[in-house]
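Novice: Below are the sequence and a predicted model for it; my questions follow.
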Amino acid sequence: MYKIDDHVAVAVAGITADANILINYARLAAQRYRYAYQEPIPIEQLLHRICDLKQSYTQFGGLRPFGVSFLVVGWDEYFGFQLFRSEPSGNYGGWKAAAIGNNSPNADSVLKSDYKIGDTDMKKAKSLAVKVLAKMLDTASPSPDKLEFSSITLKDGKPEYKVYTKKDIEGLLKDAGVEKKESSGDI
């Protein structure tokens, strides 16, 4: 998880070096917009700029396309909370719930069946995220060492980005019923 600005964050899947280039580009674009207009950049406008760059690398010989997908989440005063999924080709779309990376089709099927629009509060969303991540991982018992969680919430009318500690993640795993099982040593 990467913080782009106070109101927007990105999760990545793919080539981390490519992601770092795009994240630095996004941070610079967000700060330039803030400097020019004295307000945070709208989420979709930032994503559009990132995807324009990603798409331009698919057009010309001698340039390798960026091999990274993004989940961009944020809040702006125009449309509130938003979630977008961006593909390596530069295509993007808005979602209520989405996943990227290995086993993302499995995760999308869990999200389609378990996510209920209008009936999901923060606690249910966290539990569903843990369930989805547990299904995506190649292990029977996910541990806090293999997971990263962050959230963007509104506090006093301003977006607040929070990165969860390992202790917080242990609590999320326990609440969702997928806590790490201790091995008995038997074979």
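Specialist: It's in.

Novice: For the protein, just list every one of the helices.
Specialist: Here the chain has its helices, by DSSP state H, at 16-37, 43-56, 104-114, 122-136, 166-176.

Novice: what about the residue nearest to Asp175 when sequence neighbours are not counted, neighbour count?
Specialist: Among residues not flanking Asp175 along the chain, Ser127 sits closest, at 6.3 Å (C-beta to C-beta, 6 or more residues apart in numbering). Where you see a C-beta, it was placed from the backbone N, CA and C, and this is true even at glycine. If you count neighbours by other C-beta atoms under 10 Å, Ser127 ends up with 17.

Novice: Point out the most buried one among the helices of the chain.
Specialist: Using mean count of other C-beta atoms under 10 Å, the stretch among the helices of the chain with the largest mean neighbour count is helix 43-56, at a mean of 19.

Novice: still on that earlier bit, go ahead and confirm the residue nearest to Asp175 touches Lys174.
Specialist: No. Between Ser127 and Lys174 there is no contact under C-beta atoms under 8 Å: 10.7 Å.

Novice: coming back round to it: want to throw the helices of the chain into JSON lines with mean pLDDT and distance to Ile4?
Specialist: Shown next, in JSON lines, are the helices of the chain (pLDDT from 0 to 100; distance: least, C-beta to C-beta, whole Å):
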{"stretch": "helix 16-37", "mean pLDDT": "97", "distance to Ile4": "5"}
{"stretch": "helix 43-56", "mean pLDDT": "96", "distance to Ile4": "7"}
{"stretch": "helix 104-114", "mean pLDDT": "90", "distance to Ile4": "22"}
{"stretch": "helix 122-136", "mean pLDDT": "88", "distance to Ile4": "20"}
{"stretch": "helix 166-176", "mean pLDDT": "91", "distance to Ile4": "22"}
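
Novice: Next up, the contacts around Leu154.
Specialist: 75, 160 (C-beta atoms under 8 Å, 6 or more residues apart in numbering).

Novice: So which bits of stretch 77-91 are buried?
Specialist: By 16 or more other C-beta atoms under 10 Å, the buried positions in stretch 77-91 come out as 82, 84-88, 90.

Novice: What distance separates the opening and closing residues of that stretch?
Specialist: End-to-end distance of stretch 77-91 (C-alpha to C-alpha, to the nearest Å): 24 Å.

Novice: follow-up on the earlier one: make a markdown table out of the helices of the chain and add distance to Phe149.
Specialist: Shown next, in a markdown table, are the helices of the chain (distance: least, C-beta to C-beta, whole Å):
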| stretch | distance to Phe149 |
| --- | --- |
| helix 16-37 | 18 |
| helix 43-56 | 20 |
| helix 104-114 | 15 |
| helix 122-136 | 7 |
| helix 166-176 | 6 |
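
Novice: what angle separates the longest strand seen in the chain from helix 104-114?
Specialist: Longest strand in the chain, counting residues (DSSP state E): strand 68-76. Strand 68-76 runs at 30 degrees relative to helix 104-114, counting by axes from the mean of the first three to the mean of the last three C-alpha atoms, to 10 degrees.
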